[in-house]
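Undergrad: Could you work out the structure for the sequence below:
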Amino acid sequence: MPETSQGLTYPGSTGHARIWEHLQELAQDVDAALSWLRNKPAAMLRQSSAQSFPASTYVPVTFQTEDLDDDPDGVGGHSTSVNLSRYTARYAGWYRVGGGFSFASNASGIRHAVWAVNGAQVPGTALAIDATTNSSSTRLPMRSVLVNLGIGDYVELWAWQGSGGSLSSDATGTGQACMSVDFVRNQ
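TA: Numbers count the residues shown, from 1 in each chain. All right, here's what the predicted structure looks like:
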């Protein structure tokens, strides 16, 4: 049978006797496409346990809680048992990532965060901010960006701090680090 540019099949020249079978096939193809769109890959991850960050070193942020992690196959791209920092693509395409990170209260130095794909920083995504001078945590709202992921590629949020010693993340309440991932389109 002939096929559209998007992979939908349709009947070629046939008699009227089989037209209902072709319409049923078309309806099933459209239903499958709509089902995929309703269940496209998406995740909302949060850091629910504090993490220690050494000074002057980028460290992947770990996420222990999944508010959402789903895709058309119901598997998802994040694990709460291995590689807690990663969202791994099961479908190739462009993904929108967003989120934020918080360091515990400490008035020394600066704080950085950046998106990384397969262990390499994504250009144009770094954020730097001075530490707060009061008793509140330092919060870094990350840029929402598109990243191109192949099957098996992974995206992470990395954080860095220059306080001169180890510093923990703020994993309480609204200070929890988070990462959202949403499939946008095919490559």
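
Undergrad: Distance from the chain centre to stretch 149-168, please.
TA: Centre-to-centre, stretch 149-168 and its host chain are 13 Å apart (C-alpha atoms, centre = their mean, to the nearest Å).

Undergrad: First-to-last residue distance for it?
TA: 30 Å (C-alpha to C-alpha, to the nearest Å).

Undergrad: And for stretch 173-181?
TA: Termini of stretch 173-181 sit 21 Å apart (C-alpha to C-alpha).

Undergrad: mind listing what's buried in that stretch?
TA: Of the residues in stretch 173-181, 175-181 count as buried by neighbour count, 16 or more other C-beta atoms under 10 Å. The C-beta positions use only the backbone N, C-alpha and C, and glycine is treated the same way.

Undergrad: Output the below-cut-off pLDDT ranges for this protein.
TA: 1, 6-17 (pLDDT under 70).

Undergrad: What are the boundaries of the strands in it?
TA: 42-46, 52-53, 59-60, 65-70, 87-88, 93-103, 110-117, 120-121, 127-130, 138-141, 145-149, 154-161, 167-168, 178-185 (DSSP state E).

Undergrad: okay, the ones you listed in TSV with distance to residue 31 next?
TA: Output for the strands of the chain, formatted as TSV (distance: least, C-beta to C-beta, whole Å):
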stretch	distance to residue 31
strand 42-46	20
strand 52-53	48
strand 59-60	39
strand 65-70	19
strand 87-88	28
strand 93-103	21
strand 110-117	34
strand 120-121	40
strand 127-130	43
strand 138-141	39
strand 145-149	27
strand 154-161	31
strand 167-168	49
strand 178-185	19
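
Undergrad: All set, thanks.
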